[in-house]
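Enquirer: this is the structure alone, sequence omitted:
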């Protein structure tokens with residue numbers, strides 16, 4: 001039995017999460033099915049083969065960005081009004097290249113995927129390892145593969161983190177979180193969410 005999907009929070013108002021994920025999260029917030037042992041081993045072998053190529057690709061992307069940055073510095077000195085759009089374009093272009101492809105499987109993932117405690121431990125280690133002055137943190141999808149973004153958001157909520165209202169929500173790729181502050185539960189119009 002599914003509940004009717006509520007519309008997303010109104011634009012312009014901050015999203016405030018009170019004690020867990022909002023009730024109107026759709027199917028993209030559910031966990032992906034666990035990969036079989038055979039698929040995990042094949043992904044691990046593929047990762048070992050692909051990793052050196054991935055590093056070379058990132059070195060090439062860095063060299064390209066450095067070259068474009070040097071040329072862009074000269075051009076954007078004259079055409080200063082194009083600086084913000086150029087930086088946005090460069091950021092979107094680099095965002096298309098994954099830091100860690102979703103299909104990779106480390107040896108720990110081969111041994112422990114499917115265990116809910118494994119994903120919980122990884123999320124807790126990632127978020128507890130952040131310094132207190134860091135107020136936002138991306139939580140990559142490979143960390144919560146076995147439990148899904150909804151459960152990852154519940155775990156993050158118990159650690160004092162909530163969804164950021166500044167970034168686009170992409171639960172299949174990553175969750176952008178921010179530290180929950182005591183004063184964030186109220187806005188001018190009262191609680192939202």
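Expert: Looks like it arrived, so ask away. Note that the coordinates shown come from a computational prediction; the quantities given were computed from them, not determined experimentally. Numbers count the residues shown, from 1 in each chain.
Enquirer: and the most centrally placed residue in the chain, how close does it get to residue 29?
Expert: Centroid-nearest residue in the chain: residue 174, 2.1 Å away (criterion: CA atoms, centre = their mean). Distance from residue 174 to residue 29, counting by CB to CB, to the nearest Å: 13 Å. (Glycine included, C-beta is placed from N, CA and C.)
Enquirer: so what sits opposite the residue nearest to the centre of the chain in the bridge?
Expert: residue 140, residue 170 (DSSP bridges).
Enquirer: residues near residue 104, how many?
Expert: 17 (other CB atoms under 10 Å).
Enquirer: so it, which of the three states?
Expert: Assigned state for residue 104: coil (three-state reduction, DSSP: H, G, I helix; E, B strand; the rest coil).
Enquirer: hmm, it is touching residue 43, no?
Expert: Yes: between residue 104 and residue 43 there is a contact under CB atoms under 8 Å: 6.4 Å.
Enquirer: now do whichever helix or strand residue 56 is part of, average pLDDT.
Expert: In this structure, residue 56 sits in helix 37-78 according to DSSP states H and E. Helix 37-78 shows a mean pLDDT of 91.
Enquirer: please apply the same query to stretch 174-185.
Expert: 73.
Enquirer: again, but for stretch 81-95
Expert: On average, stretch 81-95 scores 86.
Enquirer: and for stretch 136-146?
Expert: For stretch 136-146, the per-residue pLDDT averages 85.
Enquirer: now that stretch: buried residues?
Expert: 137, 139, 140, 141, 142, 143, 144, 145, 146 (16 or more other CB atoms under 10 Å).
Enquirer: make CSV from these and add distance to residue 76 to it.
Expert: CSV is the format used below for the buried residues of stretch 136-146 (distance: CB to CB, whole Å):
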residue, distance to residue 76
137, 31
139, 34
140, 32
141, 34
142, 36
143, 37
144, 39
145, 40
146, 45
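Enquirer: quick one: which of the residues you listed is nearest to residue 90?
Expert: residue 140 (21.3 Å; CB to CB).
Enquirer: give the contact list for that closest one.
Expert: Neighbouring residues of residue 140 by CB atoms under 8 Å, 6 or more residues apart in numbering: 99, 100, 173, 174.
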